[in-house]
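Participant: The following block contains a protein sequence and its predicted model.
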Amino acid sequence: MDILSQIDRTKVPKHVAIIMDGNGRWAKKQGMARIFGHKNGLKAVRESLEAAGEIGTKAVTLYAFSTENWNRPKLEVDALMSLLVQSLKKELPTFQKNDIKVNAIGRLSQLPEKALKVLNDIIDVTKTNSSLTLTLSLSYGSREEIVNAVKNISKKVVNNEISVEEIDENIINNHLYTFSLPDVDLLIRTSGEQRISNFLLWQIAYAELHFTNVLWPDFRRDDFYKAVVEYQNRERRFGKTSEQIENLNDKN
Ligand code: FPP
């Protein structure tokens, strides 16, 4: 039985987040510069989006560039930024054809002007698409996101817009960059590393974590489906007992 037909279409993860890791190692294995790995990572991005669209996943969030990634050699940072610009332009017809809405999270003001302009244009042009939301995490750090949320909530308290007692999980959620997205159901990290690396710390509270040894440029549609099958084979209990979950399933 092929892997796609093993997927239960009634239990598809709504939001899949991906830490695309291993581009540098992939390139090094073939004696090439690191950027060659990033370029080849684009096919994996494309296949993951196609796979997500095929099974009805509504949101895919990619860790494309972290706040720490600014510390990489300037050559690599510049190459990543121009790769971002080129690939966004190139993929626009595909985003439109597949009804993909592009979104971005992170300290976006730090991006080079050109990259920010292209990104904002694409966000604008795709804003009425609704089959799938692709969120690019760019100059993103989860702790920084939480710090910003705390600051913005504090300002509202000082201005008497909300009271301290009113602060709850919903209010915090609504002040994160991801306010419009559902919680992450499935987090995938490639390349054998088993870390979260400051990615969506709040949003993955109940996510299933899938680690694979595949390096990002080798990640294909079937690897995505494999992660989804594994996700579906795990029992998500949200703190409840197995019996409570079984009763709930019986009722549904
Ligand atoms: C991590 O691999 C990968 C990145 C920091 C960049 C990922 C970016 C892309 C695949 C391009 C994305 C573009 C769009 C439009 C989404 P690494 O360099 O840390 O690999 P290593 O751990 O093997 O060195």
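Facilitator: Looks like it came in fine.

Participant: what does the helix or strand hosting E47 contact?
Facilitator: Using DSSP states H and E, E47 sits in helix 34-55. Here helix 34-55 makes contact (C-beta atoms under 8 Å, 6 or more residues apart in numbering) with 4, 7, 9, 12, 16, 18, 20, 22-28, 30, 60, 62, 76, 79-80, 83, 87, 91, 94, 98, 100, 131-132, 134, 215-221, 224-225, 228. C-betas here are computed from N, CA, C, even on glycine.

Participant: Those in strands, which ones?
Facilitator: V16, I18, V60, L62, I100, L132, L134 (DSSP state E).

Participant: Could you identify the most distant pair in those?
Facilitator: Between any two of those, the greatest separation by C-beta to C-beta is 15.0 Å, found for I18 and I100.

Participant: Is the residue of the stretch 101-250 of the chain found nearest the ligand bridged to anything, and to what?
Facilitator: Nearest residue of the stretch 101-250 of the chain to the ligand, counting by C-beta to the nearest ligand atom: L136, 5.5 Å away. The bridge-partner assignment for L136, based on DSSP bridges, gives L62, A104.

Participant: likewise the one 4 residues further on?
Facilitator: Listed by DSSP bridges, the beta-bridge partners for Y140 are S66.

Participant: rewinding a little: ok, the residue of the stretch 101-250 of the chain closest to the ligand - contacts?
Facilitator: Applying C-beta under 8 Å, 6+ apart, the residues contacting L136 are L62, A64, L84, V102, N103, A104, I105, L119.

Participant: For stretch 97-113, buried residues please.
Facilitator: N98, I100, K101, V102, N103, A104, I105, G106, R107, L108, L111 (16 or more other C-beta atoms under 10 Å).

Participant: If you could redo that for stretch 170-177, that was the one I meant.
Facilitator: Counting neighbours by 16+ other C-beta under 10 Å, one finds that the buried residues in stretch 170-177 are H175, L176, Y177.

Participant: Surely T57 touches I18?
Facilitator: No. Contact criterion C-beta atoms under 8 Å: T57 and I18 do not qualify, at 11.2 Å.

Participant: Now do the end-to-end distance for stretch 177-187.
Facilitator: Start and end residues of stretch 177-187 are separated by 18 Å (C-alpha to C-alpha, to the nearest Å).

Participant: meant to ask about stretch 163-175
Facilitator: 15 Å.

Participant: Below-threshold pLDDT in the stretch 101-250 of the chain: ranges please.
Facilitator: 249-250 (pLDDT under 70).

Participant: All the strands of it, residue numbers only.
Facilitator: 132-140, 186-189, 208-211 (DSSP state E, counting those that start in this stretch).

Participant: Pick the most deeply packed of these.
Facilitator: strand 186-189 (a mean of 25; mean count of other C-beta atoms under 10 Å).

Participant: That one: how far from the chain's middle?
Facilitator: Distance, stretch centre to chain centre, for strand 186-189: 9 Å (C-alpha atoms, centre = their mean, to the nearest Å).

Participant: Pairing partners for it, with directions?
Facilitator: Assessed with DSSP bridges, strand 186-189 is paired to strand 15-19 (parallel), strand 208-211 (parallel).

Participant: Put the alpha carbons of the longest one into CSV.
Facilitator: What it means is strand 15-19. What follows is strand 15-19 as a C-alpha-only set of coordinates in CSV (Å, rounded to 0.1, in the frame of the first residue of the first chain):
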residue,chain,number,x,y,z
HIS,A,15,-0.8,23.1,11.0
VAL,A,16,2.6,21.5,10.2
ALA,A,17,5.7,23.4,11.2
ILE,A,18,9.1,22.4,9.7
ILE,A,19,12.7,23.0,10.8
